[in-house]
Structure formats: structure tokens, C-alpha cells
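K.L.:
structure, please.
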Amino acid sequence: MQPPLLMVPQQNAPEAVAPQPAYYAPAPASATVELGDLGRILLRRRFLILAVTALLTAATLVYTLLTPALYSSTAQIIVDPEDLQVVTNDVNPSRISPDGGITQVESQVSVAQSNGVLLRAIKATNLTEDPDFNGQGVLGRWMGMLFGDSDSDRTAITLDSLRRVLAVKRDDKVLVLNIIITAKTAQKASDLANAIATAYLADQADARRDKAAKASEAITARLDEQRKRVEEAENAVEAYRSQHNMVMAQGNLVSDQELTGLNAELTAAQARTQQLKAQVDQLRRQGGAPDATSEATRSSTISSLRAQEAALVDQIAQLGTGLGPRHPSMIAAQQQLRDLRVLIQRELGRIVTAAETDYERSLANQQALQARVAALKSKSLDTDQASVRLRELQRDLDAVRTVYANYLQRAQETREQTNVDSTNARIISQAMPALKKSWPPKGLLVFGAVFGGLALGVGMALIAEYLSPTVLSANQMQTAIEAPVLGVLPGRGRRRSGAAAQKTDAVAGLALQRIAAATRRPPDWPLVPSILVASPPEDKAQRSRVAWQLANAAAARGRRVLFIDINAGKGQKDPQPGVLDVLRGEYPLDAVSRYAPGSSVALIGRGRPAAVFQEAQALYFAHRMLAEANRSFELVVVDGGALADDLNVLPLVAMADEILLVARLNATPMRDVASTSEAVSVMGRLPTGAMLVDEAA
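P.N.:
Residues are numbered from 1 along each chain as shown. Down below sits the predicted model:
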């Protein structure tokens with residue numbers, strides 16, 4: 001029997017391997033999730049996703065069954081931004097904005113929802129008596145009986161209720177307002193929509209009528225003032241004329257008109273005088289033959305006398321052929337001729353006298369006119385100075401009259417506009433009772449609940465994964481422990497075939513080859529190659545399987561393998577001697593090792609944990625144990641258990657060549673991996689690799 005551990009000389013113990021300090025920074029507990037890992041996350045948390053989807057779908061179905069049906073009706077109004085122009089100067093000018101009137105129509109959306117329009121519709125439909133809108137249900141009636149209920153409160157409640165079920169929208173790129181009402185009955189919805197559309201048109205007509213009436217009143221109020229201004233201007237003009245003796249006729253001064261008329265008369269008189277003077281001069285130049293003048297020629301008396309003279313001359317000539325000169329008929333005819341010629345001379349003299357008299361009269365008239373014109377010109381010079389001020393007053397009077405006339409005409413136009421509706425809006429589609437309910441849309445809600453539940457479930461699954469991440473892939477594991485993943489073994493959940501067993505053996509063998517290729521041992525190293533397998537507590541079965549699989553794979557390749565199971569016999573009352581007894585120096589390695597039936601792998605259990613050993617001495621005996629094993633075995637595989645829960649494994653951790661961590665894909669939490677890695681680092685080592693187990697494979 002070996003001496004007890006306390007009797008071993010301290011100088012023969014190997015130097016203790018100093019562990020890393022407690023603040024050694026382990027790898028992060030979570031690493032980047034790859035896109036391919038999302039499928040594993042969703043598959044592992046599929047029950048959460050399905051539960052959330054089913055719960056949301058069931059809640060939606062209950063809602064659709066319990067919610068009262070609602071019906072929607074729509075009335076359409078087309079609003080032309082260019083109003084009807086009844087008169088030229090309309091109070092409501094029709095101008096289209098640069099955007100084609102879209103802004104103007106958008107403002108009508110708010111007008112259609114205004115209190116004025118809705119109150120008209122409420123009054124037209126007697127909506128204050130409708131319990132669906134006036135808040136007078138069973139509870140409301142009891143509250144009204146207890147606390148009182150006024151008409152104003154009922155109207156306000158009805159208005160608020162109507163506003164909640166009303167929607168006014170404008171379709172894109174059109175000038176059409178859609179008035180949408182949602183109510184519990186289809187008929188009520190259509191009646192309210194039509195009532196609001198009618199109320200909107202009436203409100204617009206009244207608004208324009210009121211605007212025209214106010215403008216007419218304002219203009220009429222100004223008419224009296226404008227009339228007084230006209231009277232004042234007229235009085236000023238008349239007073240100024242009276243003061244300066246300026247009489248007006250047909251818009252001009254009488255003196256000016258008189259001067260103009262006298263100038264015309266003077267011009268005519270001068271022409272007449274010149275004409276008469278020419279006639280007199282001509283008569284005077286003719287001397288004794290005035291009958292050669294044009295006046296004598298034009299005189300009917302002279303012409304008649306000349307004709308009688310010619311007849312007498314002809315008669316005398318005829319008498320002279322048959323009678324003698326002394327014949328009484330001849331003498332009488334000659335006497336008549338002489339008397340006729342005397343008459344002609346007298347008539348010619350009278351013509352000359354008349355011409356001279358006309359000339360003298362015309363000359364006198366001309367001189368009189370010249371005198372009057374001269375007098376009026378002198379007077380006109382005196383009135384020209386006063387005319388400047390008069391014209392100024394007259395211009396003021398004309399301006400005031402123009403303004404007054406415009407005001408009067410505008411007042412008449414605006415007064416007439418109050419009776420004319422110039423609104424260019426009309427209902428193009430009356431609301432009709434809906435044939436189908438608009439809410440709740442059962443199919444759409446269920447469809448949305450299913451997909452919303454799936455989305456919510458996926459989100460909750462990802463959040464749960466974020467709050468408690470698990471090992472998702474080999475890359476994530478490598479990033480977490482900063483060591484390579486040597487292989488991924490399939491799980492035992494499914495019936496294993498021969499091909500699956502061969503795959504498991506191949507993975508284990510490949511892991512051993514990778515370990516051998518990565519290990520750098522001196523040729524004369526006295527210790528046997530060793531692999532320690534550790535895992536979080538919940539992965540005990542997978543860890544034991546991986547450790548045993550590595551041992552069997554090495555044995556299958558002709559290597560002599562010693563398998564140390566640190567958990568074998570743990571918790572038994574009287575366990576067999578094992579590795580703990582060897583580490584205390586109480587038993588040699590050969591005394592505690594045994595071969596399993598039908599296996600070429602030697603086994604060592606946990607042993608008796610009764611006595612406590614010192615760390616330095618345990619390291620010494622662990623070193624000696626591996627040195628002794630080097631003579632009989634080619635590989636030692638240690639199932640180290642959960643390192644965070646068992647510090648008795650520290651000597652084996654310190655002496656092992658390779659430390660492998662085992663975890664389950666999509667199951668082992670990353671915090672447990674981090675805890676195990678931290679436990680390894682506290683024991684003075686770092687993980688050199690990892691093996692993963694895929695239970696879904």
C-alpha cells in the first residue's frame with residue numbers, strides 16, 4: 001500500500017500550476033448570431049410561436065363574434081374651386097390657386113366636419129333623440145335622472161358621437177369629397193351621410209349669402225356718406241358760380257357760349273359784308289348799265305319787264321310793216337315800250353339802292369358784333385381766373401359722383417347676390433344602405449391575427465433567445481471559448497442506424513486526429529497524452545457520451561486507452577477506490593483500474609472522497625499517475641464532470657494536455673458555457689477545444 005498523502009516528502013512534489021487570477025476575463029457569454037442560426041432558434045422555440053399565434057387568433061375570433069356589426073355608407077360631393085360667376089363684380093371672387101384648387105378643396109374637408117355643418121345634420125335627422133348618439137342608454141338614462149340632463153349637454157354628446165363615426169376624405173388627384181358614416185344599421189349610416197352632404201351644401205350657400213348681405217349692408221351704410229359728399233361738392237360749385245356770376249348752360253359757361261356764338265355770327269357778318277361790298281362795287285363800276293349785273297339777271301321783275309319789252313318790240317316791228325309811223329296803234333305801242341323801259345330803269349335803280357342799303361346794314365351789324373365780341377373778350381379774361389378754381393371744384397364733384405354711382409351700383413349688385421347661390425358644388429353620389437358590414441372584417445382580422453401572431457411569436461422567440469442565448473453553431477461556440485470546435489456528434493433522440501453509428505465514430509476519430517495534429521509534445525515527455533472532457537451540469541449525458549466515444553474511437557484504432565470517470569460512484573455510501581484515492585497517494589494506478597467486460601478500455605471511477613488532500617500533493621500524485629499510465633496506456637480520457645461544481649478535478653485539469661468542452665446545439669445556454677470556461681480559467685487553464693452534440697441530427 002502506498003503511504004498516505006501527508007507522508008509524501010514535499011520536496012518530491014511537482015511545482016503547483018498556479019491558476020489564473022479570479023478576475024481573468026472569460027469569453028463573452030453571447031456571440032454574433034448568423035442568419036442560418038435563426039432557423040434553429042425558431043425551430044427550438046416553435047411551441048412559443050405557435051402558442052402566441054393561437055392565443056392571438058383566438059382573441060381575434062372572440063372579438064369578431066362579440067363586437068356588434070357596423071355598416072359604412074359614403075356620399076360624394078364634387079367641389080369646383082371656380083364658382084359660378086353670376087355678376088361681374090362678385091363678392092365671392094372665383095380664383096383658382098396655382099395647384100389647381102387642391103388646397104381649396106382640402107380646406108373643405110375641415111368645413112364638412114365643422115360644428116355648423118354637423119349641427120345642421122343633427123337637427124335635420126333629429127339625432128339628439130337617437131340613443132346610439134345621445135348617450136342616453138340604460139346607464140345614461142339613470143345618470144340623467146339622478147344628476148339632471150340638459151338639451152345643451154345632449155347636443156354636445158351627440159355632436160361628439162357623430163364626429164367619432166364621421167370621416168371626410170378627398171381622393172388623390174380629384175376634387176371629390178367622400179363623406180363616410182359608420183353606424184350600427186345600414187339605413188342610419190346612409191341617412192346620416194346624405195344629411196351631412198346636404199347640410200354642407202346648405203352651409204356653403206348660407207355662408208356666401210351672409211357674406212353678400214354683410215357686404216351689401218356695409219356698402220349701403222356708406223351710401224349716405226357718399227350722398228352727403230356729392231351734395232357738398234355740388235353746393236360748393238354752385239356757390240362759387242353765384243359768387244363769380246358764372247352761369248352754366250349745358251355744362252359750359254353762358255359767357256363762353258355767348259362769345260362762341262358771337263364769334264360765329266361775326267364771322268358770318270364779315271363774310272356777308274364782304275359779299276355785299278363786292279356787289280355794290282360791281283354796280284358802281286357798271287355805271288349806266290346796271291342791268292348787266294347778276295342781281296338784275298336774277299331779278300324776276302327785271303326778267304318779266306324784259307320779256308314784255310321784247311314782246312312790244314316784236315309787236316312794233318310787225319305793225320311797222322303794215323302801218324305807218326303815225327298810225328295810232330303804232331304810236332300806242334311805242335308809248336308802251338317807252339313806259340316799260342322807264343319801269344326797267346326804275347327797277348334797276350331800286351336794285352342798286354337795295355344793294356347799297358344791304359351793304360350798309362351788314363357793315364353796321366358787323367361793327368356791332370365786333371363791339372360785343374370785344375366786350376365779351378374783356379369779360380372772359382376776368383372769368384378765366386375764376387374758371388381755374390371752378391374746374392377744380394367740378395373735377396372734385398365728378399369724382400365724388402363717380403364714387404357714389406359705383407357705391408350705388410355695387411349695393412344693388414350685392415343685394416341681388418343674397419338671393420343667388422353661386423356655389424359650384426353638388427352631390428354626385430347619394431349614400432346607399434350598405435349590403436355588407438364594414439366592421440369587424442372577420443376574414444381580414446383572422447388573417448392579420450395569424451400573421452401578426454406569427455410575427456409576435458417570432459419576435460418573442462428572438463427576445464427570449466437574446467435574454468437567454470444558447471449555443472447555435474460551431475462558429476458561435478468558437479467565438480465564445482476562443483478555441484476550435486473539433487466536431488459535431490449526432491444525438492440519440494432518433495433511432496440510430498449503422499450509417500449513423502459510423503458517422504459518430506468518424507467524427508470522434510477525426511476529432512482525435514485534430515487533437516494529435518495540434519498537440520506539440522517533446523519526444524521524451526514522461527506523461528501519457530490526456531484529454532479532459534467537461535460540460536455544464538445539464539449536459540452530463542452528452543459529456544459522458546462524448547468522452548466514452550473518444551475513448552472507444554481511440555481503442556478502435558488500436559490504441560490502449562484509460563478512461564477516468566470522475567462521476568462514477570459519486571453519491572454511493574461505500575464506493576470502490578478510484579482516482580481520488582490515487583490523487584491522495586493511497587492507491588497505485590494499477591490497483592484501481594479495471595477493464596469493462598467486452599471492452600479494451602480500462603476504467604477508473606471517482607473513488608472515496610472522505611479525506612481532503614492538499615493541492616500541491618494532489619498535483620504531484622496526478623503527475624505520477626500519468627507517468628505510470630504512460631507505461632501501460634497510450635491515451636487517457638477523463639470525464640471531468642461539471643468543473644464549476646467539483647474542485648477535486650483541479651489536479652487533472654492542471655495536468656491534462658487537452659481540455660474539451662461539450663455543449664448541445666440549440667439547448668445549452670451560453671451563460672453555462674461561459675461559466676464552465678470561467679471555471680477552467682480559474683483552475684489555471686483555458687479550453688483547447690469543444691465538441692458539440694446536435695440532438696436534432
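
K.L.:
what does stretch 553-563 contact?
P.N.:
505, 508-509, 511-512, 528, 547-548, 551, 593, 599-604, 629, 632-639 (CB atoms under 8 Å, 6 or more residues apart in numbering). C-beta coordinates here come from the backbone N, C-alpha and C atoms, glycine included.

K.L.:
which among the residues you listed count as buried?
P.N.:
Buried residues within these, defined by neighbour count using 16 or more other CB atoms under 10 Å: 505, 508-509, 511-512, 528, 547-548, 551, 593, 601-604, 629, 633-639.

K.L.:
could you identify the helix or strand that succeeds the one helix or strand residue 395 maps to?
P.N.:
Following DSSP states H and E, one finds residue 395 within helix 328-417. Counting by DSSP H and E, the next helix or strand C-terminal to helix 328-417 is strand 425-429.

K.L.:
which residues are contacting that following strand?
P.N.:
Counting by CB under 8 Å, 6+ apart, 74-80, 176, 194, 197-198, 200-201, 204 sit against strand 425-429.

K.L.:
save these as TSV, and put in pLDDT, distance to residue 489 and neighbour count too.
P.N.:
Shown next, in TSV, are the contacts of strand 425-429 (pLDDT from 0 to 100; distance: CB to CB, whole Å; neighbours: other CB atoms under 10 Å):
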residue	pLDDT	distance to residue 489	neighbour count
74	94	66	19
75	94	72	24
76	93	71	19
77	92	75	24
78	90	75	15
79	87	76	23
80	80	80	16
176	91	70	14
194	95	76	21
197	94	75	27
198	94	80	18
200	93	77	29
201	91	81	16
204	87	82	22
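
K.L.:
quick check, nearest of those residues to residue 219?
P.N.:
For the contacts of strand 425-429, the residue nearest residue 219 by CB to CB is residue 204; the value is 22.8 Å.

K.L.:
which secondary structure state does that closest one sit in?
P.N.:
What DSSP: H, G, I helix; E, B strand; the rest coil gives for residue 204 is helix.

K.L.:
next up, identify which helix or strand the spatially closest residue to residue 488 that is not a sequence neighbour is on.
P.N.:
Closest residue to residue 488 apart from its sequence neighbours, by CB to CB, 6 or more residues apart in numbering: residue 692 at 4.5 Å. For residue 692, the element it lies in under DSSP H and E is strand 689-694.

K.L.:
run through who's touching that strand.
P.N.:
471, 474, 477-478, 481, 483-491, 511, 514-515, 533, 539, 542, 545-546, 658-666.

K.L.:
then stretch 219-230?
P.N.:
397, 400, 401, 403, 404, 407, 408, 410, 411, 414, 415.

K.L.:
how about the contacts of strand 425-429 in JSON lines, adding distance to residue 570 and secondary structure?
P.N.:
Converted to JSON lines, the contacts of strand 425-429 look like this (distance: CB to CB, whole Å; DSSP: H, G, I helix; E, B strand; the rest coil):
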{"residue": "74", "distance to residue 570": "79", "secondary structure": "strand"}
{"residue": "75", "distance to residue 570": "84", "secondary structure": "strand"}
{"residue": "76", "distance to residue 570": "84", "secondary structure": "strand"}
{"residue": "77", "distance to residue 570": "87", "secondary structure": "strand"}
{"residue": "78", "distance to residue 570": "89", "secondary structure": "strand"}
{"residue": "79", "distance to residue 570": "88", "secondary structure": "strand"}
{"residue": "80", "distance to residue 570": "93", "secondary structure": "coil"}
{"residue": "176", "distance to residue 570": "84", "secondary structure": "strand"}
{"residue": "194", "distance to residue 570": "86", "secondary structure": "helix"}
{"residue": "197", "distance to residue 570": "86", "secondary structure": "helix"}
{"residue": "198", "distance to residue 570": "90", "secondary structure": "helix"}
{"residue": "200", "distance to residue 570": "87", "secondary structure": "helix"}
{"residue": "201", "distance to residue 570": "92", "secondary structure": "helix"}
{"residue": "204", "distance to residue 570": "92", "secondary structure": "helix"}
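
K.L.:
which of the residues you listed lies closest to residue 622?
P.N.:
residue 74 (87.7 Å).

K.L.:
count the residues that sit near the closest residue to residue 337 other than its chain neighbours.
P.N.:
Excluding the flanking residues, the one nearest residue 337 by CB to CB, 6+ apart is residue 312, at 4.5 Å. By other CB atoms under 10 Å, the residues close to residue 312 number 19.

K.L.:
what residues does residue 312 make contact with?
P.N.:
Counting by CB under 8 Å, 6+ apart, residue 312 has contacts 333, 336, 337, 340.

K.L.:
the third one and residue 317 touch, don't they?
P.N.:
No: shown here, residue 337 and residue 317 do not form a contact pair, counting by CB atoms under 8 Å, at 11.0 Å.

K.L.:
compare the two and say which one has the larger neighbour count.
P.N.:
Using other CB under 10 Å, the more surrounded residue of residue 337 and residue 317 is residue 337, with 17 against 10.

K.L.:
C-alpha coordinates for the strand holding residue 692, CSV please?
P.N.:
Coordinates of the C-alpha atoms in strand 689-694 are reproduced here as CSV (Å, rounded to 0.1, in the frame of the first residue of the first chain):
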residue,chain,number,x,y,z
GLY,A,689,-11.4,22.7,-28.0
ALA,A,690,-15.0,21.8,-28.0
MET,A,691,-17.4,19.1,-29.1
LEU,A,692,-21.0,19.8,-29.9
VAL,A,693,-24.0,17.4,-29.8
ASP,A,694,-26.8,18.0,-32.2
